[in-house]
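S.K.: need coordinates for the below:
(2 chains)
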Amino acid sequence: NAGVTQTPKFQVLKTGQSMTLQCAQDMNHEYMSWYRQDPGMGLRLIHYSVGAGITDQGEVPNGYNVSRSTTEDFPLRLLSAAPSQTSVYFCASRGLAGTVGGELFFGEGSRLTVL
Amino acid sequence: AQSVTQLGSHVSVSEGALVLLRCNYSSSVPPYLFWYVQYPNQGLQLLLKYTSAATLVKGINGFEAEFKKSETSFHLTKPSAHMSDAAEYFCAVSAIDNFNKFYFGSGTKLNVKP
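M.R.: Numbering: from 1, shown residues only, chains lettered A, B, ... in the order given. Below you'll find the model as predicted:
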């Protein structure tokens, strides 16, 4: 019963490098999302998807790219990392069909440091 | 747009004392409301949620919260704190007409003193 799985758990990048944070869920959830968590700011929505082929921006989308080719996977891409992207990233999912008011299920997070 | 305010970034209580963590939301229509807990180096775990049924909601680990529309509040309480309750707690809202976006408060770190 894996739930939401994120990889890697830790990553150090240099400014300008690119990388992809992976997220997979095995609950057949239509909705998947990415958040970043910074001290004193709670969680802020980066991008979300309501199904394969459908993505949309959240509050802080700049510098991040996403795609959704399957129901299970929702990778987050940093095209040219900046120190301001140093953060802890969480992937979260929820079912949509018949789940009005349904909660988000979270992965364990990926801690990214950009030097 | 929705917003969530959590009063007090740090709350400290003695073991056995009442826990009260405050959450206020801004919305013209009562949203869906959630409380999550985050233990160090872990993801967020749902404590409880309000989805327009009973206004007093009971959750896991002895926590409960009461939805008060007149006060636009959803405060989290626990009658007797335990050392294992030390964690960070987040209040979140989701609009009933757009539940694609959740909005989180800035979090409250709960410290429990022996």
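S.K.: contacts, neighbours, all on C-alpha from now
M.R.: Will do.
S.K.: quick one: average pLDDT of stretch B:85-96?
M.R.: For stretch B:85-96, the mean per-residue pLDDT is 90.
S.K.: now the residue of chain B most remote from its centre. Nearest residue, chain neighbours left out?
M.R.: In chain B, the residue that sits farthest from the middle, by CA atoms, centre = their mean, is B:P114; the gap is 23.1 Å. Leaving aside its sequence neighbours, B:P114 sits nearest to B:E15 (CA to CA, 6 or more residues apart in numbering or on different chains; 5.4 Å).
S.K.: quick one: contacts for A:F105?
M.R.: By CA atoms under 8 Å, 6 or more residues apart in numbering or on different chains, A:F105 lies in contact with A:3-4, A:92-94, B:44-46.
S.K.: contacts for stretch A:33-43?
M.R.: Residues outside stretch A:33-43 that contact it (CA under 8 Å, 6+ apart) are A:44-49, A:74, A:76, A:87-93, B:9, B:90, B:103-107.
S.K.: what strand or helix carries the residue minimising distance to the centre of chain A?
M.R.: The centre of chain A sits closest to A:W34, judged by CA atoms, centre = their mean, with a distance of 2.6 Å. Here A:W34 sits within strand A:31-37, counting by DSSP states H and E.
S.K.: how far does the worst-scoring helix or strand of chain B on mean pLDDT sit from its chain's centre?
M.R.: Least confident helix or strand, chain B: strand B:98-104 with a mean of 79, by mean pLDDT, DSSP states H and E. Centre-to-centre, strand B:98-104 and its host chain are 15 Å apart (CA atoms, centre = their mean, to the nearest Å).
S.K.: can you point out the buried residues in the next helix or strand after that strand?
M.R.: Later in the chain than strand B:98-104, the nearest helix or strand by DSSP H and E is strand B:108-113. Residues of strand B:108-113 classed as buried: B:108-112 (neighbour count, 16 or more other CA atoms under 10 Å in any protein chain shown).
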